[in-house]
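**Student:** Provided below are the primary sequence and the corresponding predicted coordinates.
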Number of protein chains: 2
Amino acid sequence: MTQTLSEENYLKAIYLIGKQGNDKASATAIAEALKNNPASVIDMIKKLAEKKLIQYDKSTGAKLTDKGLKASLLIVRKHRLWEVFLHDKLGYNWDEVHEMAEQLEHIRHDNLADRLEKFLGFPEYDPHGDPIPKSNGQMPLIPKKTLAEMEPGKTCQVVGVKDTSTAFLQYLQQLNIRLGTKLKVQAKIEFDGSMNLIIDKDTAVSVSKKFIESVLVS
Amino acid sequence: MTQTLSEENYLKAIYLIGKQGNDKASATAIAEALKNNPASVIDMIKKLAEKKLIQYDKSTGAKLTDKGLKASLLIVRKHRLWEVFLHDKLGYNWDEVHEMAEQLEHIRHDNLADRLEKFLGFPEYDPHGDPIPKSNGQMPLIPKKTLAEMEPGKTCQVVGVKDTSTAFLQYLQQLNIRLGTKLKVQAKIEFDGSMNLIIDKDTAVSVSKKFIESVLVS
DNA sequence: TTTATTTATTAGGTTAGCCTAATATCTAAT
DNA sequence: ATTAGATATTAGGCTAACCTAATAAATAAA
């Protein structure tokens, strides 16, 4: 019923790869996420499949079973709750909390997550704005807003689009923007409603009013 | 400079064996503390000695070097700070915090312990009454005596325990004895070293020699 | 379609940290 | 001093989780 630290990391990686809008959690994608060798990933895939935590097929990649999903959500829940603790209670910055939460997410105890959640006042989002799974596995729904509504200086994450035209989707593709991509709003230009963005912390672009009204973020 | 989880456990065990008034941390004593095989202990002793964390000699046992002592104190510090957190902030009982703290003590980050200490209001003792090492390695000193040393007729207050086994802690729980509980010594029974007590001014009980030697009072 | 490239997989190896069983070395009691 | 019993140590093995190098299979490009 319980997983090793390493198994937990794999489960979380598979879960997050799915959430990031990737079509499949391939062996190489998992390897990249965990900075492991693909050969090691294959070993672990076999183990997780044997334990009925995932189903694996070369062409469809790794899919979490109900059991695996439940386990993954618990890890993500713990990770994000600890991030809130570190940020809100200990005063760490949002960029410092991740590394510690990577360790804290593996602390195991029947109801530690629940107690922590209560102590923190039942937060719904972690310091990066990512939703915290409830103890029953439910995810708080993300109130979606368009990129246009974001204030300059804020960072957000792409959660969807309002326009599904090929032209638009291809443009996104070209900009390397997909689900989960982090965007930082640099400035809003009054004149024409356009916006200066930083994509994934490294690429600066300017996008139109029409564009920012078509991207959903959280 | 950093140790593995297992190395940390060994260092802590060696430190605690010393603190418990044992003359030496022999291979078997360490094995017993960690519930490992003596042969495994020898392996690790070699490793720790190579890393200059301990000095080892068959006849004198394992001795922490300055470096090893510093590392041990940090682990104990983290362990006890986390215990305070779990007890004070999350509301866990005495007997529940240990197991979780065993995991939390290994979380590594430059200043996490310091931040946690500050957040907790610079506590000097953990929920069992054990002193929390300061970040410079200093220990708050406490003049402690066991309940066994108390004279009949005197009243005292529980400040800690010498035995942290679950069985003992649960027994205390059952007797409604916790930190700060007031005990009045009614009588000492010469015959078997047991003691008649009044707990919190209202409950009379008889407890064994073993019991009164495991309770610390002031 | 053939080739080049990427992705998946197998085979075999390494290390940490544990184990058992056998042996060696103490210590204490006769 | 001898021997029983405890303690320490060596030798050899095991498993989890990683690795590299080689091979197979799938996909994309020519």
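**Tutor:** Structure's in. What do you need?

**Student:** which positions in stretch A:105-122 come out as buried?
**Tutor:** Within stretch A:105-122, the residues scored as buried using 16 or more other CB atoms under 10 Å in any protein chain shown are A:Glu105, A:His106, A:Ile107, A:Arg108, A:His109, A:Leu112, A:Ala113, A:Arg115, A:Leu116, A:Glu117, A:Phe119, A:Leu120. Glycine gets a C-beta too; all of them are placed from N, C-alpha and C.

**Student:** again, but for stretch A:20-39
**Tutor:** Within stretch A:20-39, the residues that count as buried by 16+ other CB under 10 Å are A:Gln20, A:Asn22, A:Ala25, A:Ser26, A:Ala27, A:Ala29, A:Ile30, A:Ala31, A:Ala33, A:Leu34, A:Asn36.

**Student:** let me have those in JSON lines, adding secondary structure and distance to chain B as columns.
**Tutor:** Formatted as JSON lines, the buried residues of stretch A:20-39 follow (DSSP: H, G, I helix; E, B strand; the rest coil; distance: CB to the nearest CB, whole Å):
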{"residue": "A:Gln20", "secondary structure": "coil", "distance to chain B": "26"}
{"residue": "A:Asn22", "secondary structure": "coil", "distance to chain B": "30"}
{"residue": "A:Ala25", "secondary structure": "coil", "distance to chain B": "28"}
{"residue": "A:Ser26", "secondary structure": "coil", "distance to chain B": "31"}
{"residue": "A:Ala27", "secondary structure": "helix", "distance to chain B": "28"}
{"residue": "A:Ala29", "secondary structure": "helix", "distance to chain B": "28"}
{"residue": "A:Ile30", "secondary structure": "helix", "distance to chain B": "24"}
{"residue": "A:Ala31", "secondary structure": "helix", "distance to chain B": "24"}
{"residue": "A:Ala33", "secondary structure": "helix", "distance to chain B": "22"}
{"residue": "A:Leu34", "secondary structure": "helix", "distance to chain B": "19"}
{"residue": "A:Asn36", "secondary structure": "coil", "distance to chain B": "19"}
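
**Student:** which strands and helices sit next to the helix or strand encompassing A:Val205?
**Tutor:** According to DSSP states H and E, A:Val205 maps onto strand A:203-207. Counting contacts by 3 or more CB pairs under 8 Å, 6 or more residues apart in numbering or on different chains; DSSP states H and E, strand A:203-207 is packed against helix A:166-175, strand A:195-199.

**Student:** redo that, cut-off 10 Å
**Tutor:** helix A:166-175, strand A:182-188, strand A:195-199 (3 or more CB pairs under 10 Å, 6 or more residues apart in numbering or on different chains; DSSP states H and E).

**Student:** centre of the chain versus it, how much separation?
**Tutor:** From the chain centre to the centre of strand A:203-207 is a distance of 22 Å (CA atoms, centre = their mean, to the nearest Å).

**Student:** so which bits of that strand are buried?
**Tutor:** A:Val207.

**Student:** ok, residues contacting that strand?
**Tutor:** Strand A:203-207 is contacted by residues A:147, A:171, A:175-177, A:183-184, A:186-187, A:189, A:194-199, A:211, A:214-215 when judged by CB atoms under 10 Å, 6 or more residues apart in numbering or on different chains.

**Student:** first-to-last residue distance for stretch A:59-69?
**Tutor:** Stretch A:59-69 has its terminal residues 20 Å apart, counting by CA to CA, to the nearest Å.
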